[in-house]
Structure formats: C-alpha cells, structure tokens
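Asks: 3D model of this:
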Amino acid sequence: MAKTFSVLEKNILKAKGLTEAQVKKLSKAGIAGRDDFKTVGDAATLTQLVSGLDTAVASAVLAWARGEGTTDVGGLGRVVVESSDSVYCVHCKTKQPKDYSSGDLCVSCGKQAEPILSCFWCASSGPGRFCRQCGAEFIATSELDLGIHLKREGLPKDDIPKKLKAMGAAEKDVLWGRIRKSRG
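Replies: Below you'll find the model as predicted:
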C-alpha cells in the first residue's frame, strides 16, 4: 500500500494554508508524509514542486514538518542549546561543520558563510555582525565610504548603521555627492 497523508496531516496542511488541490499536488510530487518534507529542504523548493503555492505558506508547512516551535519547556517555548562556537551561514542559515574557519564557503549554498567585512570606525576587518576591535556594527561594503564620511561629520559610532539603514536611495545619492565633492 502506498504511503499517503493521514487525515490529521491533511487537515494540518489545510490549516497552514494549502488547498485540497495543493495537497494532491504534494502527493503527485512524491511527498506523502511529514518526513518527506525533510528531503524537500526549503520553501523555495516546495514552491517549485507545487505550482501556485505562496512562499509564506510553504515556510509555515516546512516549519510544522520540522516541528519548529512545538517543544515547550517550562512555558519558555522551544529551547535550543548550542555550543558558543557554532557558526551559521548568513545567507541560508545552515549550521557549519566544526572544522569551519572564517572565510570558508557554506557547505549548503556555497556562498561565503561569514563574510569578512571592514569596519567604518577603526578600519579593522573580520567576520560577524560587529567589529571585534571597537564593537561597531558592520555595514555593507558598498556603504563603507558613506559610513566613513558620516564618522568624519561627527555622528556617533552606534548611530551610523541605523542612519544608513533608514536612509533612502535619494538621500544616499546626496551623501555620495558630498563625498565626491570633498575628494575633488
């Protein structure tokens, strides 16, 4: 007998946002139970297998299939204990192996798991979200000159990343114009 979704699993999938037709498409794609979603892996793949499936619905279905958010420990929700040296890819959130070192490529997506960024405040570089020398939050490499310029204008270290995130494209263009003018 072929494995199929139980009535309870079908009802849960519908509660997560799938239609009856999409549940049937899952079965046609070879997904017949909760464990099969582990093979699918991510929401993008699931949306490719089932046409017309919204990414948010696919994410909710995969979260249910993985059991995310279901373990309640003393009313605190899901508790995950990890080693302090665990590294996750900034792009796909995959945990990297123990022999990982800064600058290595992700074992899952192939991108640099922890990009090495330069600090706008002290000019040192390193991985992560914050500078290990001065504690400043790293900004995108493409905005490094903007951060340095804002530092020269006297903005506090912690305000520069917030200001850059809040700025629109037009405001950044004006700032680039001021940078070009000061160089010329």
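
Asks: domains for this protein, by residue range?
Replies: The chain is divided into the following domains under automatic domain parsing: 7-66, 117-183.

Asks: for the residue lying closest to Lys111 once chain neighbours are set aside, helix, strand, or coil?
Replies: Leaving aside its sequence neighbours, Lys111 sits nearest to His91 (CB to CB, 6 or more residues apart in numbering; 4.8 Å). In this view, the C-beta of every residue, glycine as well, is placed from N, C-alpha and C. Three-state call for His91 (DSSP: H, G, I helix; E, B strand; the rest coil): coil.

Asks: so His91 sits against Glu114, correct?
Replies: No: His91 is not in contact with Glu114 according to CB atoms under 8 Å; the separation is 10.1 Å.

Asks: ok, those two, which is more surrounded?
Replies: Set His91 next to Glu114 and count neighbours by other CB atoms under 10 Å: Glu114 wins out with 20 against 14.

Asks: which non-adjacent residue is nearest that one?
Replies: Spatial nearest neighbour of Glu114, chain neighbours left out: Pro127 (3.8 Å); criterion: CB to CB, 6+ apart.

Asks: packing partners of the longest helix anywhere in the chain?
Replies: The longest helix of the chain (DSSP state H) is helix 169-183. When contacts are defined as 3 or more CB pairs under 8 Å, 6 or more residues apart in numbering; DSSP states H and E, helix 169-183 packs onto helix 144-152.

Asks: okay, buried residues for the helix it packs on please.
Replies: 144, 146-151 (16 or more other CB atoms under 10 Å).

Asks: could you pull out the strands for this protein?
Replies: For the chain, the strands defined by DSSP state E cover 117-118, 125-126.

Asks: now for the protein, the helix or strand with the poorest mean pLDDT.
Replies: Sorted by mean pLDDT, DSSP states H and E, the helices and strands of the chain end with helix 36-40, the least confident at a mean of 82.
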